[in-house]
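Novice: Need coordinates for the below:
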Amino acid sequence: MANFHSRSNSLPSQTHPLVECVEDQLCRLKSSEATSTSVSSKLAALRDLHDSINHLIQMPSFQQAISDECWINELVEGSLWFI
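Specialist: Numbers count the residues shown, from 1 in each chain. I've put the predicted structure just below:
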């Protein structure tokens, strides 16, 4: 997964709990590839990840950040590659 670094004085320095939740869900999904986790469990985990990302992108601070940055196309392309 690509890491995008940007600096902004308006963004908090601590990671939002929802961002940590998404990162944890991504790690669990990646680790489930190597195990014999059932397809229904993997789909449920994917659904949870989708819901968390949906909540994340609806946050006002996230909306403000993406409206000010030109890297959104790279982020979307990276997300599509992951899927």
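
Novice: Identify the residue nearest residue 29 in space, chain neighbours excluded?
Specialist: What sits nearest to residue 29 in space, not counting adjacent residues and going by Cβ to Cβ, 6 or more residues apart in numbering, is residue 45, at 5.3 Å. Bear in mind the C-beta positions are built from the backbone N, C-alpha and C, glycine included.

Novice: downstream neighbour of the top helix by length along the chain in the secondary structure list?
Specialist: Looking across the chain with DSSP state H, the single longest helix is helix 39-57. For helix 39-57, the following helix or strand on the C-terminal side (DSSP states H and E) is helix 60-68.

Novice: By mean pLDDT, which helix or strand of this protein comes out lowest?
Specialist: Sorting the helices and strands of the chain by mean pLDDT, DSSP states H and E puts helix 72-82 at the bottom, at a mean of 68.

Novice: Any regions of this structure where pLDDT drops low?
Specialist: 1-13, 68-72, 75, 78-83 (pLDDT under 70).

Novice: what about 50?
Specialist: Scanning the chain for pLDDT under 50 picks out the ranges 1.

Novice: Counting neighbours, which bits of the longest helix of the chain end up buried?
Specialist: For helix 39-57, a neighbour-count test (16 or more other Cβ atoms under 10 Å) marks 45, 49, 52-53 as buried.

Novice: Could you do stretch 55-73 as well?
Specialist: Under 16+ other Cβ under 10 Å, the buried positions of stretch 55-73 are 62, 65.

Novice: Restrict it to CA atoms and write it as PDB.
Specialist: The C-alpha coordinates for stretch 55-73 follow below in PDB (Å, rounded to 0.1, in the frame of the first residue of the first chain):
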ATOM      1  CA  HIS A  55     -17.300   6.900   7.600                       C
ATOM      2  CA  LEU A  56     -13.800   8.200   7.300                       C
ATOM      3  CA  ILE A  57     -14.300  10.000   4.000                       C
ATOM      4  CA  GLN A  58     -17.500  11.600   5.300                       C
ATOM      5  CA  MET A  59     -15.600  13.300   8.100                       C
ATOM      6  CA  PRO A  60     -15.500  17.100   7.700                       C
ATOM      7  CA  SER A  61     -11.700  17.200   8.300                       C
ATOM      8  CA  PHE A  62     -11.100  14.600   5.600                       C
ATOM      9  CA  GLN A  63     -13.300  16.400   3.200                       C
ATOM     10  CA  GLN A  64     -11.400  19.600   3.800                       C
ATOM     11  CA  ALA A  65      -8.000  17.800   3.400                       C
ATOM     12  CA  ILE A  66      -8.900  16.200   0.100                       C
ATOM     13  CA  SER A  67     -10.400  19.500  -1.300                       C
ATOM     14  CA  ASP A  68      -7.100  21.200  -0.700                       C
ATOM     15  CA  GLU A  69      -4.800  18.500  -2.100                       C
ATOM     16  CA  CYS A  70      -4.200  17.400  -5.700                       C
ATOM     17  CA  TRP A  71      -3.200  13.800  -4.600                       C
ATOM     18  CA  ILE A  72      -6.700  12.500  -4.500                       C
ATOM     19  CA  ASN A  73      -6.400  10.900  -8.000                       C
END
